[in-house]
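In: coords below, sequence missing:
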């Protein structure tokens, strides 16, 4: 069987091509001859939502372990070959996928392909290395606990989604990570790093066919190409209804600031309303000219950091506004945030604010085209999450097609949900009582 | 008087040109025709080290206030014109300079020039806006207090440099920011934002002469070009000896992790040994293949984040290693860090590690050439700190000229200083006592 290769649409930055190797391994590249770098990454369609409670944190633990040695290379050899040529290598784990990547000069691409493919296909998952890494991950969990502005996002997911795979934190907990065994992690690796579940991506000054050959050779060498007739695993789907409303979730910590997210269910990443919700989110809290920034920070000086955000998963989504402020200002911040949400739910947004938000989204999409790392990220996320590539001109079209009416519609649907609130901070009983009263109104 | 324009050396990414306008305003650009973006910035040679104790935090406060309105624009107008075209705008303050910048599509450069020049030349410093912004800065200070991994760098500067302008934090303190008046800030602005103290920079798809004309027009319109015969202010110099040795500085906070910096005086940014010290710092703790990462994280699993860093000021410098870990591991981390420093002080580094560190520095320099923001940053910092542009090939030459002997020499000089230690974390008396005993050995 020969590889199937097809143009996957113009990325407008460069030329996007996709090849499916026998065994179901996808290789998607974007060629950009005007740069000297290449970003290369391998994406696995596995995230923390694929974990049972007993395996909580396994996806992220495994991500760490893949850096710890292969049949051919020690941990030091993995990092030093890329760093010695000035490249950088890293990885990240989300609730729905995991990505390993390197950014190097174009002439060093064969090296990056070899190392990253080796890590993904030939990890030894050495028991001693698994043990040493457990402590590193416990330190990472402690570090996250010390960062309440970040941690409140984990809390908000838990507030809305509860103790479910999607509601639990990506890192797992001290208990779950403490209990994971080397064999559980090795089984998880064998199950989820099959070539049908992987997507190889590269963006920069490269030749598609050469990259495909290098990847094929690396996987072949590792005996990891799989059954010739296997087909790639498609994107996740589903439709999940989040019923949480009016919840109040407070975690006390001895910090200076309280960190708040006020929010509700959003829309999934397959939902056509996501374009209008992105415009709404940008206008509400996407920059210095946004409503929340202007009202909460510029006019009232209540917070340094305030923004809106959306999370789109395969089957559901979240929408919320974040602010960090000292505890005696929490009531006022909460009130302004609730009023803003209620106002937009009732009236939508005027044309001027919608236009500005569209300009902001479109402009930053175009500015992102110069960064091979961002391009590689777009290729991988598109393939894993949608199973197709949307060109930049397609993206811009979607943003530009959002009308004030569409924003009004999605606002009326999403923002009319009764909001919930998650807070981490130095909340005394009186603050917490006030919070409950404010949310009950 | 006509502007003096001269090629300032090839940046190897693009063509660097510099013009000095009558009035002493410098304009430095780098033309890179292969991109679609431009990063535009104005640098002021003023930082927190220019503050008396009564003015502590004034530089940073002023940076905030310049976003709050000019004779022609409100705060909302300043941010919305750039954001509506998808651009991004921000600023930062350091101990020695302040920078305001925007990144936009090339066609929007005239807009960015107009807005940023307007902010710098025509701020109204409105009393009501100054008041509202005071609370925002107090929130920023509270946020920094909640980030001990960041705050420990402020503490380390204080440990080594004491209550001096360079030893105090850029943000000021709750007390000093609470006491600053509108008139103090306005005076600080008039004194330090004179055109002889400013450097205008731009990198990306631009034409040097056009940018110069746009900048000149914007400054002329604001009546801000100054006396025609004024000359630009040169870089700072001096030679300051730091005498601190063996200090132990502990700040107790109720966090999960303790954050440690172990270090000593480094070298100034005019010191020729800085190239060898950069190589040393990279080999010791500049990436995943560095000694500290390998020993502290990979082999012993003692920390998630561990690295070495250098700070070079005009007249002195600092060198240190950072690690974040739970308090019962602090002793072991400290011991390994001290041993590593002592070992390198005594023996230098083998050729292989020196070569890898040079490759890492050189490669990341070249990879940085694709980012117009990074290029603009290099232009501004070079002009403000050294008064000249060093081309990328010049930079690479300096790194590549570093020999194991040069590393051994700078290691023997810098690392043989008795180290001091700064720690923020949940340290009980027994931990602190252990720390003192360990440092006394």
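Out: That came in fine, so what should we check first? Keep in mind the model is a prediction, meaning the values are calculated, not measured.

In: Run a quick neighbour tally on residue A:426.
Out: A count of nearby residues for residue A:426, using other C-beta atoms under 10 Å in any protein chain shown, gives 17. Backbone N, C-alpha and C define where each C-beta goes, glycine included.

In: measure it to chain B for me?
Out: If you measure residue A:426 against chain B using C-beta to the nearest C-beta, to the nearest Å, the figure is 10 Å.

In: With residue A:289 instead?
Out: Counting by C-beta to the nearest C-beta, the gap from residue A:289 to chain B is 4 Å.

In: now the strands for chain A?
Out: When assigned using DSSP state E, the strands of chain A occupy the ranges A:4-10, A:15-20, A:26-31, A:37-44, A:88-93, A:98-105, A:198-204, A:248-252, A:258-265, A:306-312, A:317-325, A:420-425.

In: Which one of those strands lies nearest to residue B:198?
Out: Proximity to residue B:198, assessed across the strands of chain A by C-beta to C-beta, is greatest for strand A:306-312 (30.8 Å).

In: before we move on, the earlier item: among the strands of chain A, which comes closest to residue B:254?
Out: The stretch from those with the least distance to residue B:254 (C-beta to C-beta) is strand A:248-252; that distance is 10.9 Å.

In: Please enumerate residues in contact with the closest one?
Out: Outside of strand A:248-252, the residues that reach it under the criterion C-beta atoms under 8 Å, 6 or more residues apart in numbering or on different chains are A:151, A:155-156, A:158-159, A:420-427, A:432, A:435-436, A:439.

In: Quickly list the domain ranges of chain A.
Out: The record's domain split for chain A, according to the TED database, is A:6-222, A:248-440.

In: Pull the distance from the longest one to the chain's centre.
Out: Just to be clear, that refers to domain A:6-222. 13 Å (C-alpha atoms, centre = their mean, to the nearest Å).

In: Give me the below-cutoff pLDDT ranges for chain A.
Out: Applying pLDDT under 70 to chain A picks out residues A:1-12.

In: Can you tell me which residues in the stretch 151-300 of chain A are near chain B?
Out: On the criterion C-beta under 8 Å from any C-beta of the partner chain, chain B has as its neighbours in the stretch 151-300 of chain A the residues A:253-257, A:287-289, A:293-294, A:297-300.

In: Now the buried members of those residues.
Out: Neighbour-count burial within those applies to A:253, A:255, A:256, A:257, A:287, A:288, A:289, A:293, A:294, A:297, A:298, A:300; the criterion is 16 or more other C-beta atoms under 10 Å in any protein chain shown.

In: Tell me the spacing between the fourth one and residue B:39.
Out: Using C-beta to C-beta, to the nearest Å, one obtains 31 Å as the distance from residue A:257 to residue B:39.

In: hang on, the earlier thing: indicate which one of the domains of chain A is closest to residue B:321.
Out: domain A:6-222 (16.1 Å).

In: ok, back up a step: to residue A:232, which of the domains of chain A lies closest?
Out: domain A:6-222 (4.6 Å).

In: Distance-wise, check the spatially most central residue of chain A relative to chain B.
Out: The geometric centre of chain A, computed from its C-alpha atoms, lies nearest to residue A:94 (C-alpha atoms, centre = their mean), at 5.4 Å. According to C-beta to the nearest C-beta, residue A:94 and chain B sit 18 Å apart.

In: Likewise for residue A:375?
Out: Distance, residue A:375 to chain B, by C-beta to the nearest C-beta: 11 Å.

In: Settle this for me: that residue is touching residue A:40, isn't it.
Out: No: because the distance of 11.4 Å does not satisfy C-beta atoms under 8 Å, residue A:375 is recorded as not touching residue A:40.

In: More neighbours: these two, which one.
Out: Between residue A:375 and residue A:40, counted using other C-beta under 10 Å, residue A:40 has the larger neighbour count: 31 against 26.

In: related to what we said a few turns ago, just the buried residues of the contacts of strand A:248-252.
Out: Here, 16+ other C-beta under 10 Å leaves A:151, A:155-156, A:158-159, A:420-427, A:432, A:435, A:439 buried among the contacts of strand A:248-252.

In: Which neighbouring residues are in contact with the residue of the stretch 51-200 of chain A found nearest chain B, exactly?
Out: At 0.8 Å from chain B, residue A:86 is the closest residue in the stretch 51-200 of chain A, using C-beta to the nearest C-beta. Neighbour list for residue A:86: A:104, A:105, B:359, B:360, B:361, B:362, B:363, B:364, B:365, B:366, B:367 [criterion: C-beta under 8 Å, 6+ apart].

In: that older thread, which one of the strands of chain A lies closest to residue B:177?
Out: Distances from residue B:177 to each of the strands of chain A were compared using C-beta to C-beta; the minimum, 16.0 Å, belongs to strand A:317-325.

In: Is there proximity between that closest one and chain B?
Out: Yes: using C-beta under 8 Å from any C-beta as the criterion, contacts between strand A:317-325 and chain B involve A:324, A:325.

In: Tell me what angle that strand forms with strand A:420-425.
Out: 40 degrees (axes from the mean of the first three to the mean of the last three C-alpha atoms, to 10 degrees).

In: Pull up the pairing partners for strand A:317-325, direction included.
Out: Based on DSSP bridges, the strands next to strand A:317-325 in the sheet, each with its direction, are strand A:258-265 (antiparallel), strand A:306-312 (antiparallel).

In: residues touching the closest residue to the residue nearest to the centre of chain A other than its chain neighbours, list them.
Out: With C-beta to C-beta, 6 or more residues apart in numbering or on different chains as the criterion, residue A:94 has its nearest non-adjacent residue at 5.2 Å, and that residue is residue A:47. Applying C-beta under 8 Å, 6+ apart to residue A:47 gives the contacts A:59, A:93, A:94, A:95, A:96, A:97, A:98, A:170.

In: make it 6 Å
Out: By C-beta atoms under 6 Å, 6 or more residues apart in numbering or on different chains, the contact set of residue A:47 is A:59, A:94, A:95, A:96, A:97.

In: ranking the residues you listed by neighbours, who comes first?
Out: For the contacts of residue A:47, counting by other C-beta under 10 Å, the largest number of neighbours falls to residue A:59: 27 neighbours.

In: Looking at the stretch 301-441 of chain A, which residue is nearest chain B?
Out: Of the stretch 301-441 of chain A, the residue with the smallest distance to chain B, taken as C-beta to the nearest C-beta, is residue A:363 at 0.8 Å.

In: Find the residue closest to that residue in space, skipping its chain neighbours.
Out: Once its chain neighbours are removed from consideration, residue A:363 has its nearest residue in residue B:86; the separation is 0.8 Å (C-beta to C-beta, 6+ apart).

In: likewise residue A:189?
Out: With C-beta to C-beta, 6+ apart as the criterion, residue A:189 has its nearest non-adjacent residue at 5.6 Å, and that residue is residue A:62.

In: Quick one: neighbours of the one you found, just the number.
Out: That count, for residue A:62 with other C-beta under 10 Å as the rule, works out to 25.

In: next one: residue A:131
Out: Under the neighbour criterion other C-beta under 10 Å, residue A:131 is assigned a count of 11.

In: for the strands of chain A, which one ends up most surrounded?
Out: When neighbours are counted by mean count of other C-beta atoms under 10 Å in any protein chain shown, the highest per-stretch mean among the strands of chain A falls to strand A:198-204, a mean of 29.

In: so what secondary structure elements neighbour that strand?
Out: strand A:26-31, strand A:37-44, helix A:372-386 (3 or more C-beta pairs under 6 Å, 6 or more residues apart in numbering or on different chains; DSSP states H and E).

In: quick one: contacts for residue A:93?
Out: A:59, A:60, A:63, A:170.

In: pretty sure the second one is in contact with residue A:168, am I right?
Out: Pointing back at residue A:60 there. No: contact status for residue A:60 versus residue A:168: not in contact, 11.3 Å apart, counting by C-beta atoms under 6 Å.
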